[in-house]
Every structure is written in structure tokens, then in C-alpha cells.
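[1] Model the following, please.
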Amino acid sequence: MRRGTPSETSLSFAAAINSGELEAALDHWMPDAVLVAPDGNEARGSVEIRERLAALIASGTKLQIEVESVVETTQIAAAATKMVMTIPGTAGQSLEFRATVVYTHGEDGWRFAIDTLATV
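    Numbers count the residues shown, from 1 in each chain. Modelled structure (predicted):
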């Protein structure tokens with residue numbers, strides 16, 4: 001899947017999670033990417049990130065991502081994002097996160113290299 005901008009990458013990732021498409025969601029990440037949870041725990045590389053994404057999909061969690069600002073060069077971009085995560089079985093309760101995301105650009109478009117989440 002080709003993603004023409006960093007913002008498109010984030011929105012496409014949320015759509016893949018929301019539709020339960022694990023492989024499509026994982027395709028948004030570099031093989032050596034790092035996902036940092038709000039508690040500081042890290043998922044490093046495709047295997048660990050796959051586990052986190054599979055758990056999100058299995059729980060029926062839905063994501064909404066808003067890219068608030070992006071700075072990019074031809075190969076690297078950084079963005080500030082806001083993510084709202086709605087988890088089933090919590091009476092519609094949502095969790096809100098802020099993130100700093102680093103993207104890299106390759107032949108298939110933009111992909112996540114680093115995503116650090118913080119609770120709001």
C-alpha cells in the first residue's frame with residue numbers, strides 16, 4: 001500500500017486497525033520500528049509490534065487519529081498526533097493519547113519508524 005504523506009499513513013493505519021486488518025496495519029511500520037507505550041514499555045520490531053496490534057484488533061478497539069503538525073524532509077518526517085482509543089465493554093469510554101511519531105520514506109511511501117505515546 002502506497003502512502004503519499006505522513007498524515008495519510010496515520011489515517012490509513014487507523015482504518016486498518018478499525019477494520020481488523022492486521023497485515024495491513026503492520027505494513028505501516030518499518031521492520032525495526034519502535035512503539036513506546038505511555039508506561040515506557042517498548043515494542044521493538046515487527047514481531048513485538050504485531051503482538052500489540054493483534055491485541056488491539058482482538059479487543060475490538062477503535063482508533064481515531066488526528067495529525068496536528070508535520071515537519072518533513074524527503075526521507076524523514078516527525079509529527080505530533082492525537083489519538084482517541086475506544087475500547088468495547090467500557091460503556092463507550094475513550095482514552096486519549098498524544099504522540100510524537102517519526103516516519104521514514106521509501107519506495108512504498110511513508111512508514112512509522114518510532115511512535116511514542118503519552119496519556120493526556
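[2] CA atoms of the helix or strand where Ser7 lies as CSV?
    Assigned by DSSP states H and E, Ser7 belongs to helix 6-18. Only the C-alpha atoms of helix 6-18 are listed here, as CSV (Å, rounded to 0.1, in the frame of the first residue of the first chain):
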residue,chain,number,x,y,z
PRO,A,6,2.9,11.1,6.7
SER,A,7,-0.7,12.1,7.6
GLU,A,8,-2.1,9.6,5.1
THR,A,9,0.0,6.9,6.8
SER,A,10,-1.5,7.6,10.2
LEU,A,11,-5.1,7.8,8.9
SER,A,12,-4.6,4.6,6.9
PHE,A,13,-3.2,2.8,9.9
ALA,A,14,-6.2,3.7,12.0
ALA,A,15,-8.5,2.5,9.2
ALA,A,16,-6.6,-0.9,9.0
ILE,A,17,-7.0,-1.4,12.8
ASN,A,18,-10.6,-0.4,12.8
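[3] List the buried residues of whatever helix or strand comes next after it.
    Next helix or strand after helix 6-18 toward the C-terminus (DSSP H and E): helix 22-26. By neighbour count on 16 or more other Cβ atoms under 10 Å, the buried set for helix 22-26 is 25-26. C-betas here are computed from N, CA, C, even on glycine.
[4] Quick one: mean pLDDT for stretch 53-65?
    Taken as a whole, stretch 53-65 has an average pLDDT of 96.
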